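[1] 3D, please:
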Amino acid sequence: MQSISFNLQALITRDNKGETPLDIARKSGACAEIISLLSQTPEEARSLGWKEMLRLYAPVAYWRNEMYIWIKSRSYADCHKFINEHDDELVREVLKYYNSNLLQGVACCSQVFLALRMIHRHPLFS
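    This is a model prediction of the structure:
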């Protein structure tokens, strides 16, 4: 996803066999998300912008970044809302991203209830 956001023309480049990244992904059996990302034109990808591309194609990284921003700005209600509104699998993946430093950040801010909720949903403790 980052390669595409930094170089939108990569979507239409061809290798020495004349294949595009999409051709190669299809041959290799890539997942639907990768195929969808590589199916975009540079113009479509540009119109989405990097943040929307991240949300669509790398949701764990997107939500981890959002939670980091909320913790840093002390918007703890947004963290609670994320935990309440998203499925367990996504929440667990977000919380374990970067060795659970989100949990450490919350604990350092004396947010006991949020820290306990995160521990309850964290893959190492559940």
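
[2] how far off centre is stretch 32-40?
    Distance, stretch centre to chain centre, for stretch 32-40: 15 Å (C-alpha atoms, centre = their mean, to the nearest Å).

[3] do stretch 7-24 as well
    Chain-centre distance of stretch 7-24: 24 Å, with C-alpha atoms, centre = their mean.

[4] where does this structure dip in pLDDT?
    97-101, 103-104, 107-113, 115-116, 119-126 (pLDDT under 70).

[5] what packs against the lengthiest helix in the chain?
    Using DSSP state H, we find that the single longest helix of the chain is helix 42-57. Other elements packing on helix 42-57 under the criterion 3 or more C-beta pairs under 8 Å, 6 or more residues apart in numbering; DSSP states H and E are helix 2-6, helix 32-38, helix 59-72. Glycine gets a C-beta too; all of them are placed from N, C-alpha and C.

[6] what's the last one in contact with?
    This points to helix 59-72. Under the criterion C-beta atoms under 8 Å, 6 or more residues apart in numbering, residues 51, 54-55, 75-76, 78-79, 82, 86, 90, 93-94, 97-98, 102, 105-106, 109 lie in contact with helix 59-72.

[7] mind listing what's buried in it?
    Neighbour counts over helix 59-72 (16 or more other C-beta atoms under 10 Å) mark Val60, Ala61, Tyr62, Trp63, Arg64, Asn65, Glu66, Met67, Trp70, Ile71 as buried.
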